[in-house]
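Below are the sequence and a predicted model for it; my questions follow.
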Amino acid sequence: MPHHSDFDALDLIVQTMIEASIAAAQVINDVYARDVEAEQKADGSPVTEADSAAETVILSWLESTGLPVLAEESVAAGRIPSLGERYFVVDPLDGTKEFLKRNGEFTVNIALVEDGRPIAGVVLAPVTGRTHIGCSSGALVGEVSDEKLGPLSAISVAERHPPRVVASRSHRSIEVSALCSSLQITEDVSVGSSLKFCLLAEAAAELYPRLTPTCEWDTAAGQAVVEAAGGVVLTFDKQPLRYGKRQDDFYNPFFVAACSEELAAHAIDELNALRNSDVV
Ligand SMILES: Nc1ncnc2c1ncn2[C@@H]1O[C@H](COP(=O)(O)O)[C@@H](OP(=O)(O)O)[C@H]1O
Ligand SMILES: [Mg+2]
């Protein structure tokens with residue numbers, strides 16, 4: 001259990017989300033230490049025993065809150081609760097491909113959604129213990145060691161010209177490459193999973209255009225972190241990405257996350273222009 005004044009100052013519900021993440025990370029690290037075998041899910045993506053074991057641990061931690069949970073592996077198994085105005089969104093192991101590649105770029109993700117917006121989120125990278133939190137106290141980063149969350153530091157997005165772009169290591173699109181040349185972006189970082197949102201939140205990158213599929217559990221916690229850090233996650237109508245899209249099987253539309261609304265809107269305009277030309 002984490003014991004620290006920073007942790008103690010957080011809302012009880014955020015504390016519970018952090019404790020659930022720490023417990024899940026431990027389960028994931030135990031599997032990571034062994035040889036892991038992947039299975040194929042119905043959508044063709046890989047899943048391991050770490051995904052389901054971590055989700056079970058998270059669900060038992062969150063049960064005490066009485067709130068519904070939309071969780072990746074439960075949804076895959078056909079268990080979709082009725083959601084209401086407030087619920088958790090959980091991806092127990094985002095970046096399963098990176099987990100299998102053993103590059104450490106995978107995360108535990110727990111978000112709290114209210115009225116379709118992610119109002120709190122925890123993104124924990126089990127290998128390093130680095131934990132990003134977005135909540136009413138702002139965006140914070142800390143490290144977990146020996147199952148305790150250490151001191152938290154405030155983080156925020158920053159502007160930079162030209163911006164640095166961060167993109168999926170395993171799912172990159174040609175549009176993103178075209179956008180980089182039209183915005184004269186020379187620096188780009190590839191990283192797996194929701195760590196891309198964390199890089200924006202701590203001012204290590206400024207733009208994350210996502211033009212390949214994601215589901216709500218892939219983005220909810222990361223979006224909460226980015227928004228708490230002063231950034232945005234906009235869909236192509238330039239509105240914040242919203243949650244509870246049951247009619248779309250919880251798939252997100254394409255989006256652009258950025259350090260500012262101006263940059264996100266500018267990137268969306270450029271991407272639309274590229275689509276209407278013959279570049280992509
Ligand atoms: N065709 C597809 N349909 C739905 N989700 C997809 C997808 N291709 C990739 N993803 C999502 O993208 C996530 C990986 O993101 P990234 O490419 O940024 O690392 C995967 O998370 P999981 O690893 O939790 O399955 C998966 O949910
Ligand atoms: Mg995922």
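Thanks, I have it. Quantities reported herein were computed from a predicted structural model and do not represent experimental measurements. Ligands and ions are numbered 1, 2, ... in the order given.

Which positions in stretch 252-264 come out as buried?
Asn252, Phe254, Phe255, Val256, Ala257, Ala258, Cys259, Ser260, Leu263, Ala264 (16 or more other CB atoms under 10 Å). Placement of C-beta: from N, CA and C, glycine included.

now stretch 237-255
Pro240, Leu241, Arg242, Tyr243, Gly244, Phe250, Asn252, Phe254, Phe255.

And stretch 30-46, by the same measure?
Val31, Tyr32, Ala38.

which residues sit against it?
Applying CB atoms under 8 Å, 6 or more residues apart in numbering, the external contacts of stretch 30-46 come out as 47-50, 53, 76, 96-97, 99-100, 102, 126-127.

Go again with 6 Å.
Val47, Thr48, Glu49, Ala50, Ala76, Thr96, Leu100 (CB atoms under 6 Å, 6 or more residues apart in numbering).

The last one - nearest residue in space that isn't next to it in sequence?
Residue nearest to Leu100 in three dimensions, not counting chain neighbours: Ala38, with 5.5 Å by CB to CB, 6 or more residues apart in numbering.

Same question for the third one.
Leaving out its chain neighbours, the residue that sits closest to Glu49 by CB to CB, 6+ apart is Val31, at 5.9 Å.

how about the residues of this structure that lie near ligand 1?
With CB under 6 Å from any ligand atom as the criterion, the chain comes near ligand 1 at residues 43, 45, 91, 93-96, 168, 170-171, 192-193, 212-215, 218.

Return a ChimeraX selection command for the buried portion of these.
In ChimeraX syntax, the buried subset of the residues of the chain next to ligand 1 is picked out as below (16+ other CB under 10 Å):
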select :91,93,94,95,96,168,192,193,214,215,218
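
which ones among the residues of the chain next to ligand 1 are found in helices?
Counted as lying in helices by DSSP state H, out of these, are Thr96, Asp218.

correct me, but Gly95 touches Gly104?
No: in this structure, Gly95 is not within contact of Gly104 by CB atoms under 6 Å, at 9.2 Å.

Export only the CA atoms of whichever helix in the chain runs longest, formatted as CSV.
Once the chain is assigned using DSSP H, the helix that runs over the most residues is helix 12-32. This file holds the C-alpha atoms of helix 12-32, laid out as CSV (Å, rounded to 0.1, in the frame of the first residue of the first chain):
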residue,chain,number,x,y,z
LEU,A,12,-10.1,8.8,-2.3
ILE,A,13,-11.3,7.5,-5.6
VAL,A,14,-8.0,8.4,-7.3
GLN,A,15,-6.2,6.7,-4.5
THR,A,16,-8.2,3.6,-5.2
MET,A,17,-7.3,3.8,-8.9
ILE,A,18,-3.6,4.1,-8.0
GLU,A,19,-3.7,1.1,-5.7
ALA,A,20,-5.5,-0.9,-8.3
SER,A,21,-2.9,0.0,-10.9
ILE,A,22,0.0,-0.9,-8.5
ALA,A,23,-1.6,-4.3,-7.8
ALA,A,24,-2.1,-4.9,-11.5
ALA,A,25,1.5,-3.9,-12.3
GLN,A,26,2.8,-6.5,-9.9
VAL,A,27,0.7,-9.3,-11.6
ILE,A,28,2.0,-8.1,-15.0
ASN,A,29,5.6,-8.0,-13.8
ASP,A,30,5.3,-11.6,-12.5
VAL,A,31,4.2,-12.8,-15.9
TYR,A,32,6.8,-10.7,-17.7
